[in-house]
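**Student:** My questions concern the predicted model and sequence given below.
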Amino acid sequence: MSVDYDHHSPRFTETWPEQYRDMRANCPIARTDTYGGFYVLSRYADVRHAAQDYETFSSAHDDERGGIMIPPNPTRLGFIEMDPPEQQAYRRLLASAFTPRAVRAYEPRLRALVDRTIDRFIEQGTFDVVDDLANPIPAIV
């Protein structure tokens, strides 16, 4: 079944819960023609299965199809666009920095960064959570 699905549209921003609820109920694996066409999985079990079956559902970036970004990004976006075994080599290099202990040790610095970021826009009385907070914090960290 084909659906009208554009995750970059203003309509999606306003109605995404309803769109996913409708797809889960009526067509949990849907196809859209947007951005050259792709499939949308709307149930957790299907998404989990696809994420774990990298041989069938590759995340690797290549010159022919790009990567997993829709629309495609011209270059690979880190190890999110890699498959095993290449991905595991990078994950092993970074794993010790993301243990619960390592993350807890970084918490005071992260809180200070978030506080400073919020201080930049708090007096305005409004902010965009993505543009003003969710984008800059990971880039700084």
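**Tutor:** Right, received. Where do you want to start?

**Student:** so how far is the lengthiest helix in the chain from its chain's centroid?
**Tutor:** Ranked by residue count, the top helix of the chain under DSSP state H comes out as helix 100-121. Centroid displacement of helix 100-121 relative to its chain, using CA atoms, centre = their mean, to the nearest Å, is 21 Å.

**Student:** Which elements pack onto it?
**Tutor:** In terms of contacts (3 or more CB pairs under 8 Å, 6 or more residues apart in numbering; DSSP states H and E), helix 100-121 is packed against helix 136-140. The C-beta positions use only the backbone N, C-alpha and C, and glycine is treated the same way.

**Student:** What segments of this protein are strands?
**Tutor:** With strands called from DSSP state E, the chain shows them at 29-32, 38-41.

**Student:** Throw those strands into CSV and include mean pLDDT, thanks.
**Tutor:** Rendered in CSV, the data for the strands of the chain read as follows (pLDDT from 0 to 100):
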stretch, mean pLDDT
strand 29-32, 92
strand 38-41, 92
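
**Student:** can you redo these as a markdown table with mean neighbour count and distance to P71?
**Tutor:** Converted to a markdown table, the strands of the chain look like this (neighbours: other CB atoms under 10 Å; distance: least, CB to CB, whole Å):
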| stretch | mean neighbour count | distance to P71 |
| --- | --- | --- |
| strand 29-32 | 16 | 12 |
| strand 38-41 | 16 | 10 |
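
**Student:** could those go into JSON lines alongside distance to A112?
**Tutor:** Listed next are those as JSON lines, based on distance: least, CB to CB, whole Å:
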{"stretch": "strand 29-32", "distance to A112": "42"}
{"stretch": "strand 38-41", "distance to A112": "38"}
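
**Student:** Indicate which one of these is closest to I140.
**Tutor:** Closest to I140 of these is strand 38-41 (CB to CB; 31.9 Å).
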